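**Q** Using only what follows, build the 3D model:
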Amino acid sequence: MYKKKGLFVTFEGIEGSGKSYQSKKLYKNLKKKNISVSLTREPGGTVGAERIRDLILNDYFHPKSREQFHKDTDTLLYLAARNEHVKNKIIPDINKKKIVICDRFIDSTTAYQVYGKKVNKGLIQSVHKYILNGVQPNLTFILKVNISKAMQRLGKRKKKNRYDKFSKKFYSKVQNAFIKIAKTNKHKYIVLNNSNDTTEIEKVILNKIYKFIK
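**A** Coordinates of the predicted model:
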């Protein structure tokens, strides 16, 4: 029997890993069981955070312009969106004893900004100290994928943002960062290979959640 309590579950991985698809599948499967659940994402999740998302994921300068945001500016925009998200969505839903499923959270910032773009980790940690209010995921699914398979999936997307346009080398670096992060806490992180387009991963994820909430 499911004991109702607040639970924060995150999905992490590179573009094309299937994390958005699997987070939606988990949400739908839990809804079918009449379990109180909400689905959200980062950057985004609230009206204000979604406005910031539009800015940072789209090509915010003219395509022919050489000007871009400095990597620290880019990172601070993500953190600003997270502040809105944590305070206005995640904390209220956890307090309502919902299972909160989030497509990306702080591990993406570490993997992409710190490992991928070499942003100073101290900058992120100092801001997190003030905006997270102790919020940490209870369980994180990291979906790894064959890089060629990820690129194949990205190629099929009709609408792409700038994070769908990195090189294989960059995605490989970020994926390795996610796997490294997972090794820091084997109880919290579950790494799954999602290279094959089957329903097996969906079942594995659902069973892991059931074991966690019983």
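**Q** So for the residue most central in space within the chain, what pLDDT did the model give?
**A** Nearest to the geometric centre of the chain sits Arg104, at 0.9 Å (CA atoms, centre = their mean). Note for Arg104: predicted pLDDT of 97.
**Q** right, and it touches Ser17 too?
**A** No - using CB atoms under 8 Å, Arg104 makes no contact with Ser17, being 10.9 Å away. (Each C-beta comes from the backbone N, C-alpha and C, glycine too.)
**Q** so Thr40 touches Lys98, yeah?
**A** No - using CB under 8 Å, Thr40 is not in contact with Lys98; the gap is 10.4 Å.
**Q** Surely Val9 is in a helix?
**A** No - counting by DSSP: H, G, I helix; E, B strand; the rest coil, one finds Val9 to be strand, located in no helix.
**Q** got the contact list for it?
**A** Listed by CB atoms under 8 Å, 6 or more residues apart in numbering, the contact set of Val9 reads 26, 99-102, 137-141, 209.
**Q** lowest-confidence helix or strand of the chain?
**A** Ranked by mean pLDDT, DSSP states H and E, the weakest helix or strand in the chain is helix 147-155, scoring a mean of 87.
**Q** picking up where we left off before, can you list residues touching both of Thr40 and Lys98?
**A** Common contacts of Thr40 and Lys98, defined by CB under 8 Å, 6+ apart, are absent altogether.
**Q** helices or strands up against the very next helix or strand once past the least confident helix or strand of the chain?
**A** Where DSSP states H and E defines the elements, the next helix or strand beyond helix 147-155 is helix 168-182. Using 3 or more CB pairs under 8 Å, 6 or more residues apart in numbering; DSSP states H and E, the elements in contact with helix 168-182 are strand 139-144, helix 147-155, strand 189-193.
**Q** Please, where are all the helices along the chain?
**A** Ranges of helices in the chain, per DSSP state H, are 19-32, 47-57, 71-85, 91-95, 106-108, 121-131, 147-155, 168-182, 200-213.
**Q** Ok, which of the ones you listed comes nearest Lys5?
**A** When the helices of the chain are compared by CB to CB, helix 200-213 sits nearest Lys5, at 7.5 Å.
**Q** quick one: average pLDDT of the closest one?
**A** Computed over helix 200-213, the mean pLDDT rounds to 91.
**Q** distance between it and the chain's centre?
**A** Put simply, helix 200-213 sits 18 Å off its chain's centre (CA atoms, centre = their mean, to the nearest Å).
**Q** cool, stretch 103-111 as well?
**A** Its chain's C-alpha centre lies 5 Å from the corresponding centre of stretch 103-111 when counted by CA atoms, centre = their mean.
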